[in-house]
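Visitor: Model the following, please.
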Amino acid sequence: MNLKKEDKPIKVILADDNKTVLESVQALIKDSGTIQLVAAYGSAKECLENIEKLKPDVVLMDIDMPLMTGIEAVKIIRKSFPGLPILMLTGFEDDDKVFNSICAGANGYILKNASMESLLHHIQEVHTGGAPMTPTIARKVLNAFAKSHTQQNSAEDYKLSNREKDVLELLVKGKSYKMISTQLNISYETVHSHIRRIYQKLQVHSVSEAVSKTIIRKILGS
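Guide: A predicted model of the protein is given here:
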């Protein structure tokens, strides 16, 4: 998934209290050409104070930080910037803190020791509406929403087309945009178009919101 040359770089701000991580991420992004690190902060508080001024396209947020954790910061960001993509940085995959981050409103996560290619890919994916996470975490999130909500609505209430329901069903199953494209035999761009319309009809801003609302209201009737 590459940005076209005429597209503007994706503006990213980073929050991590580990200086080595800050320097490492900055070095990885520096020469990418498609992504621009506009600011790096050693605390979640500093990051929150500058989001409105810097207007980033993506936030990279460490989960474990003193004074204010990344999870607490995500909850605050979601209240003022519901559509801003947030990618969590973590040293451990598939743990409870990652799960809690997603439930708080993060769009996905990436390991701190990830390669440059993986980091750039995850940033691009979350920027275009994706939700980088393993099936294990996705299933934990879905199960949590399914257990805590019982309200029902039908697909007709949201006027979803049959194809939009197909796409949404695959999202609920944790499929990536590329996998949806392959399984439904439609282009990657068409998947994006369907998901944009799904977001508009469900009045949500991210994959995690769309998935949770689907579970909460049993939109797919399953």
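Visitor: I'd assumed Leu89 was in contact with Lys97.
Guide: No. Contact status for Lys97 versus Leu89: not in contact, 11.2 Å apart, counting by C-beta atoms under 8 Å. From N, CA and C alone the C-beta is placed, and that goes for glycine too.
Visitor: Find the residues that touch each one of these two.
Guide: Each of Ile63 lies in contact with both Lys97 and Leu89 under the rule C-beta atoms under 8 Å, 6 or more residues apart in numbering.
Visitor: In terms of neighbours, single out the busier of those two.
Guide: Leu89 (23 against 16; other C-beta atoms under 10 Å).
Visitor: helices or strands next to the helix or strand hosting that one in the packing?
Guide: Using DSSP states H and E, Leu89 sits within strand 86-90. Secondary-structure packing of strand 86-90 (3 or more C-beta pairs under 8 Å, 6 or more residues apart in numbering; DSSP states H and E): strand 58-62, helix 70-80, helix 96-104, strand 108-111, helix 116-127.
Visitor: Run me through the strand neighbours of that strand, direction for each.
Guide: strand 58-62 (parallel), strand 108-111 (parallel) (DSSP bridges).
Visitor: Buried deepest among those strands, which one?
Guide: Comparing the strands paired with strand 86-90 by mean neighbour count (mean count of other C-beta atoms under 10 Å), strand 58-62 ranks first with a mean of 26.
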